[in-house]
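Student: below are the sequence and a predicted model for it; my questions follow.
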Amino acid sequence: MFMPRSSAGHRTAEAPYRRLKDLILRNHYQPGMHLKVADLADELGVSTTPVREALNRLVVERLIDGAPGLGFFARQPSELEIRNLYDMNQWYLGLALSEAEKATAQPDSSRISALTSVLNGVRPGDREGEESIANATGEFTLLVAEQARNSEIFRSVSNINDRLYYVRVCESRLMKDAVSQLQTMFQQFHARQIDTLRQSIKAYHETRTALLPDLMRELTR
């Protein structure tokens with residue numbers, strides 16, 4: 001018989017998952033590295049059970065690889081996978097914008113203002129700044145995805161954000177206009193210039209797709 005997990009048990013499992021996910025998103029483990037459950041448990045100061053649960057969740061989310069009988073391994077998305085994620089992201093955001101055109105309520109301007117403020121403080125070549133760009137990009141795509149009022153679209157965009165997080169960190173090293181491009185889209189969203197924003201999102205993804213060969217080299221540095 002199924003027994004629901006207690007809230008205490010859920011908290012015990014959630015903390016290692018969040019910590020491991022954060023490390024993986026930031027490329028802490030080199031692609032192909034064997035993620036040994038016992039070693040990670042020691043690193044996090046927890047038992048092996050929540051670590052194994054966390055790794056299984058991360059496999060489902062396609063943030064790491066898992067092989068029966070072999071264990072868990074850090075992964076790097078292939079060029080084709082990144083290309084497909086760009087296409088999926090553009091498609092989902094397009095669906096959300098189609099719903100935004102029907103809405104009468106204005107989007108929350110405070111969230112756009114907060115994202116703009118974050119980017120205003122970004123310094124070129126700074127790792128913290130690169131992560132700020134990646135975070136702001138993810139927050140903005142979620143804000144757009146919310147317009148669809150469809151939980152499946154929102155969850156899909158959220159997963160794409162996770163899988164592209166370190167890719168976006170590397171993108172910012174190759175694109176000198178990454179900040180201004182994002183700020184332009186923020187302004188278009190706030191002004192409800194939906195058609196213009198749709199074209200900007202298309203250009204955003206096309207620019208990054210064209211950079212993929214250089215991006216793959218940056219990912220493996």
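Tutor: Sure, I can see it.

Student: ramachandran coordinates for residue 73?
Tutor: For residue 73, the backbone dihedrals (degrees, to the nearest 10) come out as phi -140, psi 140.

Student: and it, how far is that from residue 34?
Tutor: As judged by Cβ to Cβ, to the nearest Å, residue 73 and residue 34 stand 6 Å apart. For the C-beta atoms, the positions are set from N, CA and C on the backbone; glycine is no exception.

Student: more neighbours: those two, which one.
Tutor: residue 73 (17 against 11; other Cβ atoms under 10 Å).

Student: now the helices for the protein?
Tutor: Along the chain, counting by DSSP state H, helices occupy 7-25, 37-44, 48-60, 79-100, 109-120, 127-146, 151-174, 178-190, 194-210, 212-219.

Student: report the central residue of the protein.
Tutor: Nearest residue to the geometric centre of the chain (Cα atoms, centre = their mean): residue 161, 2.0 Å.

Student: how much space between the closest residue to that residue other than its chain neighbours and residue 49?
Tutor: Leaving aside its chain neighbours, residue 161 sits nearest to residue 138 (3.9 Å; criterion: Cβ to Cβ, 6 or more residues apart in numbering). Separation of residue 138 from residue 49 (Cβ to Cβ) stands at 30 Å.

Student: just residue 18 next, same as before
Tutor: As judged by Cβ to Cβ, residue 18 and residue 49 stand 16 Å apart.

Student: pick out whichever of the two has more residues nearby.
Tutor: Between residue 18 and residue 49, residue 49 has the larger neighbour count (other Cβ under 10 Å), namely 14 against 11.

Student: might you report the residue contacts of the more buried one?
Tutor: Under the criterion of Cβ atoms under 8 Å, 6 or more residues apart in numbering, the neighbours of residue 49 are residue 13.

Student: got the buried residues for stretch 38-55?
Tutor: Within stretch 38-55, the residues scored as buried using 16 or more other Cβ atoms under 10 Å are 40, 41, 44, 46, 50, 51, 52, 54, 55.

Student: which single one of these is nearest to residue 104?
Tutor: Closest approach to residue 104 among the buried residues of stretch 38-55 (Cβ to Cβ): residue 54, at 42.3 Å.

Student: surely the closest one meets residue 20?
Tutor: Yes: using Cβ atoms under 8 Å as the test, residue 54 is close enough to residue 20 to be in contact (5.1 Å).

Student: chain center to stretch 152-162, what's the gap?
Tutor: Averaging C-alpha positions (Cα atoms, centre = their mean, to the nearest Å) puts stretch 152-162 8 Å from its chain's average.

Student: identify all contacting residues around it.
Tutor: Contact with stretch 152-162 is made by 21, 25, 61-63, 85, 88-89, 92-93, 95-96, 137-138, 141-142, 144-146, 148, as judged by Cβ under 8 Å, 6+ apart.

Student: if you set the cut-off to 6 Å instead, what comes out?
Tutor: For stretch 152-162, contacts defined as Cβ atoms under 6 Å, 6 or more residues apart in numbering pick out 85, 89, 92, 138, 141, 145.

Student: got it, and stretch 199-208?
Tutor: Contacts for stretch 199-208 (Cβ under 6 Å, 6+ apart): 86, 90, 93, 171, 185.

Student: distance of the last one from residue 166?
Tutor: Looking back up the chat, that one is residue 185. Between residue 185 and residue 166 the computed distance is 21 Å (Cβ to Cβ).
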